[in-house]
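1. my questions concern the predicted model and sequence given below.
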Amino acid sequence: MTTPSPRPGILDIAPYVGGVHAAPGAGRVMVLSSNEGALGPSQKAMAACRKAAGTMHRYPDGAAQDLRNAIGNRFGCETSRIVCGAGSDELIALLVRAYAGPGDEVLYSRHGFLMYPLAAMGAGATPVTAPEVDLTADVDSLLGQVTAHTRMLFLANPNNPTGTYIPADALARLREGLREDVLMVVDSAYAEFVSRNDYDAGIGLVEAHDNVVMLRTFSKIFGLAALRLGWAYGPPEVIDVLNRLRGPFNVNAAAQAAGIAALEDTAHTEACRKHNEIWLPWLTGELEGLGLAVPRSIANFALARFADKAAADSAYAHLMSRGVIARRMGAYGLPESLRITVGQEDEMRATVSALAEHLGAS
Ligand SMILES: *Cc1c(COP(=O)(O)O)cnc(C)c1O
């Protein structure tokens, strides 16, 4: 008897496991596992979402015109070169489906975002990694892995889960070193948290070249992860391809309304950025004070590196018993590490005291 079977390679994909959101037995639960904004969504975004509920029998605007206009105004981008998606995850998958398939290689850095290899495998393409230097993407190493089969390169900048980044000049050099037919996808999911003058989210690169796409999300600083909203900024040809491939109503009406309101609430975004500017260095310093190595993150999370997997696992379990949910990193090839999102002040203090207690340093 034969049964329907998926295309080759699909069953090799290990399903993505999202961050845990429950700590059984613990009193208060502190979710620091998914890099969601510490201060939650904007009140204005919540109000817009509630208002949108009244017309949920209507299809959303398939072009997301008002939202794209708002994004264009806020970030100084050309509206016609923006496509919105149900999270940037959807756009990652669509890009791979459009530009890579069996026999093609999709390149990313060793500890890059997990969706890149998952999307590549989903399209039947081959994920290829380039070694990092000090848990940071390395331009020469990436360029060294380019072959005749390379069709795309994904770079999260700053990267999740390491938090590290490459500066603007290195990003430009990476593009210069690529063949013009290789699509370079710069995933700037954490750009709004960054305030460094050597950082480039990629808008200028997109506008200057035919082979660069930038991805952004509303799931992190804007606090709309549940609504699934992201956007791509790219050359007209790539935008056209995404518009042909995406579902006609891929971004729901509540997400569109909340996204516009979130962009308007610049005071809230600024409060989130300032909060991170205080608590990321604090968390990093405290973790280092406990003897843990922490790569220099410029995003809204820190990677705490333990001696080995057993040490990370027992710290994870202890944090969990205190209601603090961190993220285990085995799927990223970093089993000795835990990723901890910058949360609210009391969550940060609770995390550090639980770790201090566990490590016998208090
Ligand atoms: C969180 C994250 C995303 C995904 O965001 P969604 O818009 O929620 O799909 C994309 N890239 C990186 C690097 C991320 O950390």
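-> Right, received. Where do you want to start? Bear in mind that the values here come from a model prediction, so they are computed numbers and not experimental data.

2. show me the contacts for the closest residue to residue 306 other than its chain neighbours.
-> Nearest non-adjacent residue to residue 306, counting by CB to CB, 6 or more residues apart in numbering: residue 312, 4.2 Å away. Just so you know, the C-beta spots here come from the backbone N, C-alpha and C atoms, and that holds for glycine as well. Taking CB atoms under 8 Å, 6 or more residues apart in numbering as the contact definition, residue 312 lies against 306, 328-329, 335-338.

3. count the neighbours of residue 2 for me.
-> Neighbour count for residue 2, taken as other CB atoms under 10 Å: 4.

4. helix, strand, or coil at it?
-> coil (DSSP: H, G, I helix; E, B strand; the rest coil).

5. what pLDDT does it get?
-> Residue 2 is assigned a pLDDT of 85 by the prediction.

6. mind listing what's buried along stretch 220-236?
-> 220-225, 227-235 (16 or more other CB atoms under 10 Å).

7. could you list which of these also contact the ligand?
-> Residues of those in contact with the ligand (CB under 6 Å from any ligand atom): 225, 230.

8. contact residues of the stretch 151-300 of the chain facing the ligand?
-> When proximity is defined as CB under 6 Å from any ligand atom, the stretch 151-300 of the chain approaches the ligand at 156, 160, 187, 189, 217, 219, 225, 230.

9. format those as CSV; extra columns: pLDDT.
-> Output for those, formatted as CSV (pLDDT from 0 to 100):
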residue, pLDDT
156, 98
160, 98
187, 98
189, 98
217, 98
219, 98
225, 98
230, 98
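
10. quick one on the thing from earlier: and the contacts of residue 312, which is closest to residue 92?
-> residue 329 (19.7 Å; CB to CB).

11. so what's the residue count around the closest residue to that closest one other than its chain neighbours?
-> Distances taken as CB to CB, 6+ apart place residue 337 nearest to residue 329, at 4.4 Å, with adjacent residues excluded. Per other CB under 10 Å, the neighbour tally for residue 337 reads 28.

12. again with residue 289
-> So residue 289, with other CB under 10 Å, has 11 neighbours.

13. list the contacts of the closest residue to the ligand within the stretch 51-200 of the chain.
-> The ligand sits closest to residue 87 of the stretch 51-200 of the chain, with a gap of 2.7 Å, by CB to the nearest ligand atom. By CB under 8 Å, 6+ apart, the contact list for residue 87 reads 217, 219, 228-230.

14. now the strands for the stretch 1-150 of the chain?
-> 30-31, 82-85, 105-109, 126-130, 150-156 (DSSP state E, counting those that start in this stretch).

15. ditto for the stretch 251-362 of the chain
-> Using DSSP E, counting those that start in this stretch, strands in the stretch 251-362 of the chain cover 301-305, 324-325, 327-328, 337-341.
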